[in-house]
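# Kindly return the folded structure for what I paste below:
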Amino acid sequence: MGEARVRRKERRSLGSLTLILSEQDVQALLNMDEVVAAVEEAFRREGPGGAVNSMRTRSTGDGSILSVMHANLSYLGRGGLKAYMASRAGTKFVLVLYDSNTSIPLAVMGADHIGRYRTGAASGVAIKHLYRKRSGKLAVMGSGKQAITQVLAARSVMSVDEVRVWSPTSEHRDEFAMVLAKAGFEATSCGTPESAVKGADVLSSITSSKGAFITEAMVGSVAHVNICGGNVRSHAEMSAGAVASFDTVVVDDLPQAKVEYGDLIQAVEAGAFAWDSAVELSSVVAGRVKPKGRTLFKSGGAAIEDVAVASMLYEKARNSGTTYPDVNLV
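Just a heads-up that it's a prediction; the model follows:
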């Protein structure tokens with residue numbers, strides 16, 4: 001009996017340890033196909049009793065901004081929050097994952113690459129459920145850190161016939177096209193946004209542009225567009241007229257969209273779009289709403305995506321056979 005009690009105590013002790021995953025650890029564990037599947041399931045389950053998302057909040061300091069977003073995913077028995085501090089020294093991301101049944105913090109992990117992958121994955125889920133074709137040409141606006149995951153996610157859900165790249169700096173777009181070519185894509189560096197979009201079936205834009213540069217004329221023949229580059233109401237990648245040209249407009253989180261998504265906020269203010277016509281991605285993925293015609297997905301990043309991916313990574317790390325540091329945190 002004494003030994004049994006000791007073993008039970010040891011199991012409880014091990015079960016209360018918090019896993020520590022560095023940014024490098026997280027990056028090594030990430031796989032886009034797995035991330036797309038986790039994000040898709042989170043949107044399918046979103047709603048009372050399944051997954052509840054809370055919109056991002058920000059605290060502004062002297063030269064810094066702290067952003068926090070959190071979600072509770074009952075279907076996984078997990079909840080979590082992501083926090084990131086932006087200052088003159090850059091931006092650092094951390095995610096805390098909880099067991100929602102025991103209240104134990106299961107893991108603390110770097111979350112920069114989680115953000116990059118889940119943003120790409122959300123676009124992939126949108127392509128799957130809104131574009132709904134198995135192949136096509138992809139145009140990408142932007143060549144920064146998050147551009148590659150837009151392409152990887154598109155490949156996860158369809159056959160990408162060609163990637164047409166534009167960004168303002170020619171050296172950057174040429175380098176990105178070379179990276180894509182080495183990854184097995186047929187990639188073309190384009191000198192203008194118009195030339196990149198010409199002939200494309202799907203467009204993903206993930207730039208830091210403050211002013212709208214994607215016009216109605218530019219995207220008139222594009223079947224589906226992902227706009228992912230901003231979550232500040234004063235910034236926009238797409239003009240109000242372009243927003244108004246789409247038959248179905250979808251967002252990742254409607255309450256957050258009304259506060260942060262400049263492309264849509266500015267379209268509403270211009271009288272070109274109305275919030276009551278917006279659809280949440282969860283409703284499409286769950287089959288409650290059927291998209292019609294040309295489709296637009298505006299993504300700003302939802303906490304249910306972060307928590308779903310973090311939960312998947314936690315399980316993957318625990319079952320990997322690799323020893324990661326852990327601590328008795330609480």
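# Now do the buried residues in the helix or strand hosting residue 174.
Here residue 174 sits within helix 170-182, counting by DSSP states H and E. By neighbour count with 16 or more other Cβ atoms under 10 Å, helix 170-182 contains the buried residues 172, 173, 176, 177, 179, 180. C-beta: built from backbone N, CA, C; applies to glycine.
# Next: stretch 239-255.
By 16+ other Cβ under 10 Å, the buried positions in stretch 239-255 come out as 239-240, 242-246, 248-254.
# Quick one: the residues you listed as a markdown table, columns for secondary structure, pLDDT and distance to residue 213 too.
As requested, those are exported to a markdown table (DSSP: H, G, I helix; E, B strand; the rest coil; pLDDT from 0 to 100; distance: Cβ to Cβ, whole Å):
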| residue | secondary structure | pLDDT | distance to residue 213 |
| --- | --- | --- | --- |
| 239 | coil | 97 | 8 |
| 240 | helix | 97 | 13 |
| 242 | helix | 97 | 10 |
| 243 | helix | 98 | 13 |
| 244 | helix | 97 | 17 |
| 245 | coil | 97 | 15 |
| 246 | coil | 98 | 17 |
| 248 | strand | 98 | 23 |
| 249 | strand | 98 | 19 |
| 250 | strand | 98 | 21 |
| 251 | strand | 98 | 21 |
| 252 | coil | 97 | 22 |
| 253 | coil | 96 | 25 |
| 254 | helix | 97 | 25 |
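# now, which of the residues you listed sits nearest residue 196?
residue 242 (15.0 Å; Cβ to Cβ).
# returning to what we had before: return the list of helices and strands in contact with the helix or strand following the helix holding residue 174.
Using DSSP H and E, the helix or strand that directly follows helix 170-182 along the chain is strand 187-189. If you count contacts as 3 or more Cβ pairs under 8 Å, 6 or more residues apart in numbering; DSSP states H and E, strand 187-189 packs onto strand 159-166, helix 170-182.
# And these: which comes nearest residue 266?
Closest of the helices and strands packed on strand 187-189 to residue 266 is strand 159-166, at 21.9 Å (criterion: Cβ to Cβ).
# what helix or strand does the spatially most central residue of the chain sit in?
Centroid-nearest residue in the chain: residue 119, 1.7 Å away (criterion: Cα atoms, centre = their mean). Take DSSP H and E as the rule and residue 119 turns out to sit in helix 112-126.
# Tell me the gap between that helix and the middle of its chain.
3 Å (Cα atoms, centre = their mean, to the nearest Å).
# circling back to that earlier point, for the buried residues of helix 170-182, which one is nearest residue 301?
residue 176 (21.5 Å).
# which non-adjacent residue is nearest that closest one?
Once flanking residues are discounted, residue 176 sits nearest to residue 143: 3.8 Å by Cβ to Cβ, 6 or more residues apart in numbering.
# Same question for residue 213.
Of all residues not flanking residue 213 in the chain, residue 193 sits nearest, at 6.1 Å (Cβ to Cβ, 6+ apart).
# Show the backbone phi and psi for that neighbour.
phi -60, psi -40 (degrees, to the nearest 10).
# burial count for it?
22 (other Cβ atoms under 10 Å).
# Can you tell me the number of residues neighbouring the closest residue to residue 290 other than its chain neighbours?
The shortest distance from residue 290 to any residue other than its chain neighbours is 7.7 Å, reached at residue 284 (Cβ to Cβ, 6+ apart). Residue 284 has 23 neighbours, counted by other Cβ under 10 Å.
# For residue 284, give me phi and psi.
Dihedral angles of residue 284 (phi, psi; degrees, to the nearest 10) stand at phi -70, psi -50.
# What's the local residue count around the nearest residue to residue 130 once chain neighbours are set aside?
Spatial nearest neighbour of residue 130, excluding adjacent residues (Cβ to Cβ, 6+ apart): residue 295 at 3.9 Å. Using other Cβ under 10 Å, residue 295 is surrounded by 25 other residues.
# what comes up buried for stretch 270-281?
Residues 272, 273, 278, 279, 280, 281 are the ones in stretch 270-281 that count as buried (16+ other Cβ under 10 Å).
# can I get those in CSV with distance to residue 95?
Shown next, in CSV, are the buried residues of stretch 270-281 (distance: Cβ to Cβ, whole Å):
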residue, distance to residue 95
272, 36
273, 33
278, 28
279, 28
280, 23
281, 21
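# How are the helices of the stretch 201-330 of the chain distributed by residue range?
Remark: helices assigned in the stretch 201-330 of the chain by DSSP state H, counting those that start in this stretch are 216-219, 240-244, 254-260, 262-269, 281-285, 303-318.
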